[in-house]
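>>> quick one: sequence plus predicted model below, questions after.
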Amino acid sequence: MFSNTMTFAGRELKSYFNSPIAYIVIVLALVISGWLFFLNFFISGQATIRGLLTGSMPLVFMIFVPAITMRLIAEEKKSGTIELVVTLPVTDWEIVLGKYLAALVLLTITIIMTFTYPITIGMLGDPDGGAVAGQYLGLFLLGATYLAIGLFASGITANQIVAFLTAIVLIAAFYLVGNFVVFFPGPLASVLEYIGVNYHFQNLARGVIDTKDLVYYAGMIFLFLFLAVRSLESRKWK
């Protein structure tokens, strides 16, 4: 299974970097995040990166992630190559995991390229290293969860634009659901708060690594990868 998964991951990575997609999306994400970083830096007048990592980047990822996942399955469905792929001696899980890992590598490269921001802050002040590490861990897990949601969205349609918009709507729903807890009674409010990705992200951003937050992100990633696999299996029901 591992060999087939890595084969698909390599195939998708080549596809990303053999086209302008990876370069355009990464550059745009870095330009927007860089602008927001320096804007927040000069307005606050403090040597901190918290505003960028906990406020701006999650919103940037709402657009960035769907842009890199929208084609993963939808394009193959539209071109018909998915029918050829599924005839190979591989499982649907291997296909989905391979595509997911390729997108995760692209996401990781983008996050690593933002390390210049905390380095800059470190030269100008004395930021809390533990908090910065927690924020980056939270950002990575948040992005990884967004990728799983985006891959699922790409699996339920053959139209890349529909996949892109569906992913944005789903990601925004999970990000914003925590904002509505004030309108619901106690137990339901707790459930909605736990469902929201931002609640767990903010916990990690404070530098507190809690098992419940790690379990939440692992569960969300598995859930949407499972749904993406089911979307591939649905061809067998037609």
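Looks like it arrived, so ask away. Everything numeric in this text was worked out from a predicted model, so none of it was measured.
>>> what strand or helix carries the residue nearest the centre of the chain?
In the chain, the centroid-proximal residue (Cα atoms, centre = their mean) is residue 143; its distance is 2.6 Å. If you go by DSSP states H and E, residue 143 is part of helix 129-155.
>>> buried set for that helix?
For helix 129-155, the neighbour count (16 or more other Cβ atoms under 10 Å) marks 131-132, 134-155 as buried. For the C-beta atoms, the positions are set from N, CA and C on the backbone; glycine is no exception.
>>> now stretch 219-230
Buried, per 16+ other Cβ under 10 Å, within stretch 219-230: 220-221, 224-225, 227-229.
>>> contacts for that stretch next, please.
Here stretch 219-230 makes contact (Cβ atoms under 8 Å, 6 or more residues apart in numbering) with 73, 92-93, 96-97, 100, 144-145, 148-149, 151-152, 154-155, 174, 197.
>>> tell me which of those residues is nearest to residue 30?
residue 144 (18.8 Å; Cβ to Cβ).
>>> correct me if wrong: the closest one contacts residue 105.
No: contact between residue 144 and residue 105 fails when scored by Cβ atoms under 8 Å: they sit 11.3 Å apart.
>>> that older thread, what's the burial count for the residue nearest to the residue nearest to the centre of the chain when sequence neighbours are not counted?
Nearest residue to residue 143 in three dimensions, chain neighbours excluded: residue 107, at 4.8 Å (Cβ to Cβ, 6 or more residues apart in numbering). By other Cβ atoms under 10 Å, 23 other residues sit near residue 107.
>>> now do the same contact list for residue 107.
Contacts of residue 107 (Cβ under 8 Å, 6+ apart): 65, 68, 140, 143-144, 147.
>>> using JSON lines, lay out these together with distance to residue 30.
JSON lines is the format used below for those (distance: Cβ to Cβ, whole Å):
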{"residue": "65", "distance to residue 30": "14"}
{"residue": "68", "distance to residue 30": "14"}
{"residue": "140", "distance to residue 30": "16"}
{"residue": "143", "distance to residue 30": "14"}
{"residue": "144", "distance to residue 30": "19"}
{"residue": "147", "distance to residue 30": "18"}
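>>> can you lay out those as TSV showing pLDDT and distance to residue 213?
Shown next, in TSV, are the contacts of residue 107 (pLDDT from 0 to 100; distance: Cβ to Cβ, whole Å):
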residue	pLDDT	distance to residue 213
65	93	19
68	92	24
140	94	13
143	95	15
144	96	13
147	97	18
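>>> farthest-separated two in those residues?
68 and 140 (14.9 Å).
>>> all helices of this protein, in order?
With DSSP state H as the criterion, the chain has helices at 2-17, 20-44, 50, 57-69, 74-79, 81-85, 92-112, 116-124, 129-155, 160-176, 186-195, 197-205, 211-233.
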